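Colleague: Just the structure for this:
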Amino acid sequence: MAMDDHFEPWRKQGFICKPFAGDRGDGDRFVSEFLDAAAAKKADDDWTMDEVLLGQDGGGDAAGAPALGAAAAGGLPAGGTARERTRRLKATTALLLHHVLDPSLKATLRALGGAAAGGHDARAMWVFFTANFRTPTTTSDVMQMKAEMQMTPILQAVGFGDGSVLKFKMFLDKKNADIQPVAQRFTEQELCEIMLNQLFK
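Modeller: Just a heads-up that it's a prediction; the model follows:
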């Protein structure tokens, strides 16, 4: 981030990063900055907004996310209730839509909100945005990203403690989601193999 960003008007308008005005060439910057900033924003007492966007919160669709109603396991918060997840989605949706300035795109994202989430499915909106407004990763970048995922030790990624294995799985999922298009990403089986290799080194 440039030093003179500190003086840009958006910093005084309630944004956690520079908003997205609709330029497809700005998608990569926005995804990276918004996700990083959302990691510091609480969706509720147990989950941050980046975890909601990535489907890693209770009831989320990411691998390893606790099911709704499930007891706490491996150091992660319990799955919680459907009502709690709806509140998380609603809060995260409001923040995301606040940062999308293009009216047409904002309307498209709202349409993706889904009746099941009361029209506030931030996860579905984020999946659509990252699939359509990010630059495909070059072959060399994909190879480098995959190599880093295979070589990063659990201790370096998440430390050692209660729930390290599940936290490492979520770490890998987040890195894997950075690879565009989806077809270039590791499969679930390949991610499991990476984890096993790290566990039994």
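
Colleague: what's the spacing between the spatially most central residue of the chain and residue 175?
Modeller: For the chain, the residue nearest the mean C-alpha position is residue 54 (3.1 Å; C-alpha atoms, centre = their mean). Distance of residue 54 to residue 175, given as C-beta to C-beta, to the nearest Å: 11 Å. For the C-beta atoms, the positions are set from N, CA and C on the backbone; glycine is no exception.

Colleague: residues near residue 165, how many?
Modeller: Here the number of neighbours of residue 165 (other C-beta atoms under 10 Å) works out to 14.

Colleague: I meant residue 175, not that one.
Modeller: For residue 175, the tally of surrounding residues (other C-beta under 10 Å) stands at 18.

Colleague: Tell me how far the residue nearest to the centre of the chain lies from residue 183.
Modeller: 19 Å.

Colleague: what's the answer for residue 43, then?
Modeller: For residue 43, the distance to residue 183 - C-beta to C-beta - is 30 Å.

Colleague: And the two? Which one has more around it.
Modeller: A side-by-side neighbour count of residue 43 and residue 183, using other C-beta under 10 Å, places residue 43 first with 24 against 7.

Colleague: wait, residue 154 sits on residue 160?
Modeller: Yes. In this structure, residue 154 is within contact of residue 160 by C-beta atoms under 8 Å, at 7.4 Å.

Colleague: And the two? Which one has more around it.
Modeller: Neighbour totals were compared for residue 154 and residue 160, and residue 154 leads with 18 against 7 (other C-beta under 10 Å).

Colleague: Tell me the spacing between the more buried one and residue 63.
Modeller: Distance of residue 154 to residue 63, computed by C-beta to C-beta: 17 Å.

Colleague: just residue 98 next, same as before
Modeller: Residue 98 is 29 Å from residue 63, where distance means C-beta to C-beta.

Colleague: same deal with residue 156?
Modeller: Residue 156 is 21 Å from residue 63, where distance means C-beta to C-beta.

Colleague: Could you do residue 37 as well?
Modeller: 25 Å.

Colleague: still on that earlier bit, please identify which of residue 156 and residue 63 sits among more neighbours.
Modeller: More crowded of residue 156 and residue 63, by other C-beta under 10 Å: residue 63, with 15 against 9.

Colleague: And the pLDDT for residue 19?
Modeller: Looking at residue 19, its pLDDT reads 96.

Colleague: So, low pLDDT: which residues of this protein?
Modeller: Residues of the chain meeting the criterion pLDDT under 70: 1-7, 72-76, 115-118, 201.

Colleague: Not counting its own residues, what contacts the top helix by length along the chain?
Modeller: Longest helix in the chain by number of residues (criterion: DSSP state H): helix 82-98. Defining contact as C-beta atoms under 8 Å, 6 or more residues apart in numbering, one finds that helix 82-98 is touched by 14-16, 19, 34, 38, 41, 43-44, 47, 49, 52-53, 57-60, 68, 106, 109-110, 113, 117-118, 120-123, 125-126.

Colleague: and the very next helix or strand once past that helix, which residues are buried?
Modeller: Scanning forward in sequence from helix 82-98 by DSSP states H and E, the next helix or strand is helix 103-111. Neighbour-count burial for helix 103-111 flags 105, 106, 109 (criterion: 16 or more other C-beta atoms under 10 Å).
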